[in-house]
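Asks: make a model of this:
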Amino acid sequence: MVISGTIIPRAVGNATITVSFNGNSEYAAAENRTIFVTVSLNDVSVTVDNATLDLKVGDTHAIKATTIPEIVKEHDINYTSSNESVATVDENGIVTAISKGNAIITVTVGDDEVFAKNSTEILIRVNNIPTELTADDVATVYNVNRYLTITLKDINGNPIGNATVTVDLNGAKTYTTNNNGQVTINVAKLVPNTYTARITFKESANYLESEKTVKVTVKKAASKLTAKKKTFKKSEKVKKYTITLKSGKTPIKKAKVTIKLGKKTFKATTNAKGKATFKIKKMTQKKKYNAIIKYKGDKYYTAVTQKVKIKIK
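Replies: Now for the predicted structure:
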């Protein structure tokens, strides 16, 4: 259209503008002149701050889009994702990483009415979140409650709950982390030894794998013999003498113990209460003995020796 001699383009296409003067009281009419007008859309371009983005699951990133000319408003920029299961993008250009994989974010400007459409692309590469396993070395004594505590967190320090962790400690076993990302393993019943605990978290839907190695040292528990001095009559054919073997408050059962009186040695085995009764036979001579009671120990308990006075009168 033409208003007061100003051509105003209305749509894409061609038009012919005719300029005429019909004359007046002073001037004769002039020959018409024509102007051929071609109307096309305005060119516009868009650029972004990064052509490639590397994100971790759960990350967000605001796309900074710049248009030329700047007359194009922000709401005229459109964002789309080629794979919303990997990454989504909202109307403001905020990208959210959803799962591991690749996606293309297309940034488009223009409406095909005033500005010709133009676009650019951003490659989004989403990887799983790095993780870290933490645990301290453990030193303990057999049959004393002590725990190997394992914690699984992501790179931001957030605990990862309901995750499967494998611990190879005298045999591999799997455990599930609690809401604090932790697993606790009681090592009290391990056979005394020094162990290497290999802890592994395998890559999952959202998290990268990690591993940790710690030492677990279990020492033998201390043994304690309880024996009291005793006097027997020489007339007793079988002289019964009882001792108690414990580790702390725990009876040591099925343990072989010996008692030596002079040149004779007698054997006995502890019962469920840690008690062992020696049957001393053929000892009829009146005498005082500094008897020696011995427990050689086993893979769980330390050896122990105790002297006790026994009198035969």
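
Asks: now stretch 122-141: how far from the chain's centre is it?
Replies: Between the centre of stretch 122-141 and the centre of its host chain there is 5 Å, according to C-alpha atoms, centre = their mean, to the nearest Å.

Asks: let me fix that, I meant to ask about stretch 1-10.
Replies: 69 Å.

Asks: pull the contacting residues for Lys254.
Replies: Applying C-beta atoms under 8 Å, 6 or more residues apart in numbering, we find Lys254 in contact with Thr269, Thr270. Any C-beta I mention is one placed from the backbone N, CA and C, and that applies to glycine too.

Asks: let's see 10 Å
Replies: By C-beta atoms under 10 Å, 6 or more residues apart in numbering, the contact set of Lys254 is Thr269, Thr270, Asn271, Ala272, Gly274, Asp298.

Asks: and the buried ones among these, selectable in ChimeraX?
Replies: The following ChimeraX line selects those of the contacts of Lys254 that are buried, judged by 16 or more other C-beta atoms under 10 Å:
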select :270,274
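
Asks: narrow the contacts of Lys254 to those in strands?
Replies: Counted as lying in strands by DSSP state E, out of the contacts of Lys254, are Thr269.

Asks: nearest to Thr194 among the contacts of Lys254?
Replies: For those, the closest approach to Thr194 (C-beta to C-beta) belongs to Asp298, at 17.8 Å.

Asks: need the pLDDT of the closest one.
Replies: Here, the pLDDT recorded for Asp298 equals 96.

Asks: any idea how far it is from Asn271?
Replies: 16 Å (C-beta to C-beta, to the nearest Å).

Asks: pLDDT weak spots in the stretch 151-300 of the chain?
Replies: By pLDDT under 70, the stretch 151-300 of the chain has no low-scoring segment.

Asks: where do the strands sit along it?
Replies: 164-168, 172-176, 182-186, 193-201, 210-219, 224-226, 230-232, 238-247, 250-251, 256-261, 264-269, 275-281, 287-295 (DSSP state E, counting those that start in this stretch).

Asks: need these in a markdown table (columns: distance to Gly5).
Replies: A markdown table is the format used below for the strands of the stretch 151-300 of the chain (distance: least, C-beta to C-beta, whole Å):
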| stretch | distance to Gly5 |
| --- | --- |
| strand 164-168 | 80 |
| strand 172-176 | 82 |
| strand 182-186 | 82 |
| strand 193-201 | 77 |
| strand 210-219 | 76 |
| strand 224-226 | 117 |
| strand 230-232 | 135 |
| strand 238-247 | 112 |
| strand 250-251 | 110 |
| strand 256-261 | 123 |
| strand 264-269 | 124 |
| strand 275-281 | 123 |
| strand 287-295 | 120 |
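
Asks: closest one to Leu148 among these?
Replies: Short answer: strand 182-186, nearest of the strands of the stretch 151-300 of the chain by C-beta to C-beta, at 4.5 Å.

Asks: centre of the chain to that closest one, how far?
Replies: Here the centre of strand 182-186 is set off from its chain's centre by 14 Å, with C-alpha atoms, centre = their mean.

Asks: which parts of stretch 31-50 are buried?
Replies: Buried residues in stretch 31-50, counted by 16+ other C-beta under 10 Å: Leu41, Val44, Ser45, Val46, Val48.
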